[in-house]
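**Q** Attaching a predicted model along with its sequence, questions to come.
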Amino acid sequence: MNDVVLRLSGIDPQSELAKVIAKRADIFELTQKTHDAALRPADPGGLSHAMRAAIACRIASLNGDAAFRDHFGAMLDQAAPDETERQVSDLDFRASDPRISALIRHADLVAANPRSASGRDIELLRQAGIAEADVVRLSELVAFVSYQI
């Protein structure tokens, strides 16, 4: 089973735990498929593969998860990011571009404090010029990465 969660958890494939997990392989298989669809979709829309990896890296950093941060960082490197996309992965980065700033603000908010997110936050994304389909894509990405971590 080639699964990001199992690989990053350090579970010995020959261990008793791995045997128990194998009985629920369907859940891990679906999680892996969702990982691939969220981070490397065939049609990324207005969120490039690099931007998706950068946002995922941010979320991992917000959660203090070094293994996932490194995993998403490697995905970011593979996606050949531009300078802004690379900077998005840095929690200290403050974007001057309103679109990038809105993406970061929303991802950070929903990943760190989802209960405080409201319809107004979606409206801020729209006001920054983010297309409706990309609002959905961003929401799916943040939800999945938060689940995976």
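**A** Yep, that arrived.
**Q** Give me the contacts around the longest helix seen in the chain.
**A** Using DSSP state H, we find that the single longest helix of the chain is helix 132-148. Applying Cβ atoms under 8 Å, 6 or more residues apart in numbering, the external contacts of helix 132-148 come out as 4-5, 31, 34-35, 38-39, 41, 44-47, 52, 55-56, 59-60, 63, 68, 72, 103, 106-107, 110-111, 114, 122, 125-126, 130. Glycine gets a C-beta too; all of them are placed from N, C-alpha and C.
**Q** got the buried residues for that helix?
**A** Using 16 or more other Cβ atoms under 10 Å as the test for burial, helix 132-148 gives Asp134, Val135, Arg137, Leu138, Ser139, Glu140, Leu141, Val142, Phe144, Val145, Ser146, Gln148.
**Q** with those residues in mind, which one is nearest to Glu16?
**A** Nearest to Glu16 among these, counting by Cβ to Cβ, is Gln148 at 23.7 Å.
**Q** still on that earlier bit, need the buried residues of helix 132-148 in TSV (columns: pLDDT and distance to Asp92).
**A** Shown next, in TSV, are the buried residues of helix 132-148 (pLDDT from 0 to 100; distance: Cβ to Cβ, whole Å):
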residue	pLDDT	distance to Asp92
Asp134	98	25
Val135	98	25
Arg137	98	25
Leu138	98	21
Ser139	96	24
Glu140	97	26
Leu141	98	21
Val142	98	20
Phe144	96	25
Val145	97	20
Ser146	95	21
Gln148	90	24
